[in-house]
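> coords please:
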Amino acid sequence: MILDTNALSAFVDGDASVGEMLRLQARAAIPVIVLGEFRYGIAESRHRSAYEAWLASQLQHFDVLAVTDETAVTYAALRVALKRSGRPIPANDAWIAALALQHRLPVLSRDQHFDVVPDLERKSW
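Numbering: from 1, shown residues only. Coordinates of the predicted model:
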């Protein structure tokens, strides 16, 4: 399962529902895009040191998915298809979706726009 930024934030903040869903998964992954968004979000947070400490101690338990040439091909095809269908999604979410498709993993997200991505399974909490 791939976490989007909101799912990662909810997990880090102790959301038991997200934790339970992750415990049921064989694989939990964080796209590098999500990691960047999360680090950006905590950069000016009043809880910055706590979030950074969590990352330092817990990130090792997740696969961090990097963008590759294969991801870029999937991303471009996905963006074109969604644009042509009149249902584009935000660029960072298209990268997350491309990684999910590439790795054949569902996305844990409350963002319903992932539902327009063909062959992508979205799970919510």
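> what about the residue nearest to residue 61 when sequence neighbours are not counted, how many residues close to it?
Spatially, and ignoring its direct neighbours in sequence, residue 61 is nearest to residue 28 (7.3 Å; CB to CB, 6 or more residues apart in numbering). Using the backbone N, CA and C atoms, a C-beta is placed for each residue, glycine as well. Using other CB atoms under 10 Å, residue 28 has 17 other residues around it.
> Pull out the buried positions in the lengthiest helix in the chain.
For the chain, the helix reaching the highest residue count under DSSP state H is reported as helix 69-84. Buried residues in helix 69-84, counting neighbours by 16 or more other CB atoms under 10 Å, are found at 71, 74, 75, 78, 79, 82.
> Show the contacting residues for the fourth one.
With contacts taken as CB atoms under 8 Å, 6 or more residues apart in numbering, residue 78 has the following neighbours: 94, 97, 98, 101, 117.
> Adding distance to residue 39, write the residues you listed out as a markdown table.
Output for these, formatted as a markdown table (distance: CB to CB, whole Å):
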| residue | distance to residue 39 |
| --- | --- |
| 94 | 20 |
| 97 | 21 |
| 98 | 20 |
| 101 | 24 |
| 117 | 25 |
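> Contact partners for the closest residue to residue 105 other than its chain neighbours?
Nearest residue to residue 105 in three dimensions, chain neighbours excluded: residue 2, at 5.0 Å (CB to CB, 6+ apart). Contact partners of residue 2, counting by CB under 8 Å, 6+ apart, are 29-31, 34, 65, 96, 99-100, 103, 105-108.
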